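Peer 1: give the three-dimensional model of this entry:
(chains A and B)
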Amino acid sequence: MSASAAAAPKIRVASSATWRLRDRIGLGFAWLLGLLFCAITAAIVIYLLVQGVKYVRPNLFVTHPAAGFDEQETGGFLDPLIGTFLVGAMAMAIAFPVGLGIGVWLSEFGRPFALARLTESTVEMIAGIPSIVLALFGTLIFQSPALGFLSRSAGGVVFGRSFFAAAAMLSFVALPLVVGSVREGLQAIPGHVREASYAVGKTKAATTRRILLPTARPSIVTGAMLGFGRVIGDTAIIVVLLGATLRFDGAGSTPLLGTLRGTGSTLTTYILQNAPTGEGNQPTKAYAAAFVLLMIVLALNIGAGLVSRQGKAMRWS
Amino acid sequence: MELKPPPVRRLPLDPPPTAVAGRAPASPFTGAAHARARSSTFAIDRMQVDDVLVAYGQKPAVDHVSLPIRQGEVLALIGPSGCGKTTLLRSLNRLTELTTTASQQGRITLDGADIASLEPTALRRRVTMVFQQPNPFPMSVFDNVAYVLREQAARRPKRAALDAKVREVLAHAGLLDEVEHDLRHPALRLSGGQQQRLCIARALAADPEVLLLDEPCSALDPQSTQVIEDLIVKLREEVAVVIVTHNLQQAYRIADYVAFMYLGELVEYGSATQVFGSPREERTKEYVSGAFG
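Peer 2: Residues are numbered from 1 along each chain as shown, chains lettered A, B, ... in the order given. Okay, here's the model as predicted:
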């Protein structure tokens, strides 16, 4: 009796050769699309990089733009560059605290239930509104006489275009991102961590302030950075509500307030203006500005990625 | 709907009478050692659970349970999963209220005062809790303890002012020697056993009268478990300790009193020697001998 032959276990071979043809074609197609997508993105970045390096000159960063017909006359993009950061900072100064408050309330409190759901849908709706629509709505608000102190007015007619107006409407562009990342950060914290705080006699407010928000900080910072990136990349609101004037055109003589009440531009509108189809038609300047804008946004995105990864290093088992 | 216990497998628990003539039934845990001196030195009544019913929606999780909780003793709540041990534990410091569907009847008193009449935050400083999963806050060891030491609404004391107290609390939980060199070490980088002792330190920092432990060792290795068990036995002199555990050996090692729960009911409450040695109820007998659960 050959006991060893009878006891030998069956060896099962699992092989990808068992994939059906349709599945294999599907997988190949997915790969192809993925690579194509990467290639297109790489092409955009590399193209702008090459163009940018070709046309970026240090003095572009320090010269005011001017009207003119050739490269020597039209100056640099100092004003749009400052305008970009100015309007971004102002928009975030509104969007960040508001978004933080909404995010915390939705995630941690959310009472009354119906109001919370309504707020949630509203935030989602804002995320879907094209910025040009927001801009149009902004003119309606900021041209009202009651808000005349926020922009230039002449003879009772309110101009309605200023850094204040643009930043206020741009804050709606950043708001959904901030709310989303705050909620995401808070919801990633397990419930037993909240309970641990309640179980030593802490209130919900103290728990949120001292435990939850510090824990969610990386996610919140990420949201703020992405929001900032979105704001400085917007064009429509700048054209309609900031005037897209070549230089800062202040209203009134107070140093900073005058500028903020006046019109100006950002890198996006500068690019729009100097693109081959634009009024200025200085493509080399447009490429240089696009390169700078892309670098800022890329830096923000990479920074956001680093911050959020740092937050994931420490987690509960 | 009336809940009926499922039929359980009967094991021949009792040897033939001839074999045990004249002898008390042997404990199933004769191999395990007690971690403490059996003699109950003194015991003060701290809490009294009086006919308490906790329900989630319509379904009762804790069904008319009454038992005392005494300082100087470790009370272990044992029973199979879903029998209401944890719910009972959470109702002792009103954490059940955080679950919106939970409702409660009956009375729980702390030093004679109905806990329903106390401010929840004040109650939870007096009856603190340690959870199954080690859950230190994602900050330094120092800040974990200091967070609890800082009273609500009081002016925030400076770090230096809290330093001595933090060290004292950490020493109390038997953790100071291991973390003293670096109190700014992130708490989440400690080992699991150290994290859980930090959680115990955190719970002790509120200077509680009752310490609730919800399966504090279930996520830990045997060595860390032993360190924590020793700590629990040491702590019972200053605080009343209630521990929920799935581990019968653990209950046998550290508990002075044991409450066996089954399907929300308190089946048997008695001294550990009695519950493990000569259980009065058939279901207790079956559970502690390993017939089910």
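
Peer 1: can you pull the contacts of residue 172?
Peer 2: By default, I'm working from chain A. Residues near A:Phe172 by C-beta atoms under 8 Å, 6 or more residues apart in numbering or on different chains: A:95, A:126, A:129, A:134. C-beta: built from backbone N, CA, C; applies to glycine.

Peer 1: oops, wrong one, chain B.
Peer 2: B:201, B:204.

Peer 1: now with 10 Å, please.
Peer 2: B:His172 makes contact with B:200-201, B:204-205, B:231, B:234-235, B:238 under the criterion C-beta atoms under 10 Å, 6 or more residues apart in numbering or on different chains.

Peer 1: got it, and A:Leu242?
Peer 2: A:83, A:86-87, A:135, A:161-167, A:169-170, A:262-266, A:269.

Peer 1: before we move on, back to that, identify the farthest-apart pair in the contacts of B:His172.
Peer 2: Greatest spatial distance in the contacts of B:His172: B:Ala205 and B:Lys234, 16.6 Å, computed using C-beta to C-beta.

Peer 1: more neighbours: which of those two?
Peer 2: B:Ala205 (26 against 14; other C-beta atoms under 10 Å in any protein chain shown).

Peer 1: quick check: the gap between the more buried one and chain A.
Peer 2: B:Ala205 sits 7 Å away from chain A, going by C-beta to the nearest C-beta, to the nearest Å.

Peer 1: what's the burial count for residue 204?
Peer 2: No chain was given, so I picked chain A. Using other C-beta under 10 Å, A:Lys204 is surrounded by 15 other residues.

Peer 1: that's the other chain; I wanted chain B
Peer 2: 24.

Peer 1: name the element it belongs to?
Peer 2: helix B:192-205 (DSSP states H and E).

Peer 1: what is the subsequent helix or strand relative to that helix?
Peer 2: Downstream of helix B:192-205, the next assigned helix or strand under DSSP H and E is strand B:210-214.

Peer 1: let me see the confidence value for the residue in chain B positioned nearest to chain A.
Peer 2: Of all residues in chain B, B:Arg125 sits closest to chain A, with a separation of 3.5 Å (C-beta to the nearest C-beta). Here the pLDDT value assigned to B:Arg125 is 92.

Peer 1: and the one 4 residues further on, by the same measure?
Peer 2: Predicted confidence (pLDDT) for B:Met129: 94.

Peer 1: chain center to the one helix or strand it maps to: distance?
Peer 2: According to DSSP H and E, B:Met129 maps onto strand B:127-130. Relative to its chain's centre, strand B:127-130 lies at 9 Å (C-alpha atoms, centre = their mean, to the nearest Å).

Peer 1: ok, whichever helix or strand comes after that strand near chain A or not?
Peer 2: Of the helices and strands lying after strand B:127-130 in sequence (DSSP H and E), the nearest is helix B:141-149. Yes: with C-beta under 10 Å from any C-beta of the partner chain as the criterion, chain A is reached by helix B:141-149 at B:143-144, B:147-149.

Peer 1: mind putting those residues into CSV with pLDDT?
Peer 2: As requested, those are exported to CSV (pLDDT from 0 to 100):
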residue, pLDDT
B:Asp143, 91
B:Asn144, 92
B:Tyr147, 91
B:Val148, 91
B:Leu149, 89
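
Peer 1: among those, which one has the most neighbours?
Peer 2: That'd be B:Asn144 among these, by other C-beta under 10 Å, with 27 neighbours.

Peer 1: touching, that residue and B:Ile200? I think so.
Peer 2: No: applying C-beta atoms under 10 Å, one finds B:Asn144 not in contact with B:Ile200, separated by 11.3 Å.

Peer 1: about what we covered before: closest to B:Val258 out of the residues of helix B:141-149 next to chain A?
Peer 2: Using C-beta to C-beta, these come closest to B:Val258 at B:Val148, 29.8 Å.

Peer 1: wait, the closest one sits on B:Ile200?
Peer 2: No: at 11.6 Å, B:Val148 does not count as touching B:Ile200 under the criterion of C-beta under 10 Å.

Peer 1: joint contacts of those two?
Peer 2: In contact with both B:Val148 and B:Ile200: B:128, B:169, using C-beta under 10 Å, 6+ apart.

Peer 1: list the contacts of the residue nearest the centre of chain B.
Peer 2: Ranked by distance to the mean C-alpha position of chain B (C-alpha atoms, centre = their mean), the top residue is B:Ile243 at 1.5 Å. The contact partners of B:Ile243, by C-beta under 10 Å, 6+ apart, come to B:74-78, B:85, B:89, B:130, B:211-217, B:229, B:232, B:236, B:250-251, B:254-255.

Peer 1: which ones among those residues also lie next to chain A?
Peer 2: Restricting those to those within reach of chain A (C-beta under 10 Å from any C-beta) leaves B:130, B:212, B:214.

Peer 1: what residue in chain A comes nearest to chain B?
Peer 2: Going by C-beta to the nearest C-beta, chain B is nearest to A:Gly201 of chain A, at 3.5 Å.

Peer 1: what's the local residue count around that residue?
Peer 2: 23.

Peer 1: mind checking pLDDT for it?
Peer 2: 89.

Peer 1: could you do the one 4 residues further on as well?
Peer 2: pLDDT, A:Ala205: 90.

Peer 1: quickly find the element holding it.
Peer 2: helix A:204-207.

Peer 1: ok so, going back, wasn't the residue nearest to the centre of chain B part of a strand?
Peer 2: Yes: looking at B:Ile243 with DSSP: H, G, I helix; E, B strand; the rest coil, it is inside a strand.

Peer 1: so the residue of chain A closest to chain B: helix, strand or coil?
Peer 2: Going by three-state DSSP: A:Gly201 is coil.

Peer 1: now do the contacts for it.
Peer 2: Neighbours of A:Gly201 in contact, by C-beta under 10 Å, 6+ apart: B:93, B:119-128, B:148, B:151-152, B:206, B:208.

Peer 1: ok, and the most crowded of those?
Peer 2: B:Val127 (31 neighbours).

Peer 1: that one reaches B:Val241, doesn't it?
Peer 2: No: judged on C-beta under 10 Å, B:Val127 makes no contact with B:Val241 at a distance of 11.3 Å.

Peer 1: what's the overlap in contacts for the two?
Peer 2: By the contact definition C-beta under 10 Å, 6+ apart, B:Val127 and B:Val241 are jointly contacted by B:69, B:210-212.

Peer 1: what residue ranges in chain A score low on pLDDT?
Peer 2: Applying pLDDT under 70 to chain A picks out residues A:1-6, A:13-17, A:311-314, A:317.

Peer 1: chain B contacts on that one?
Peer 2: Contact residues (C-beta under 10 Å from any C-beta) of chain A with chain B: A:189-207, A:210-212, A:214-217, A:311, A:313-317.

Peer 1: before I go, just wanted to say thanks for your time.
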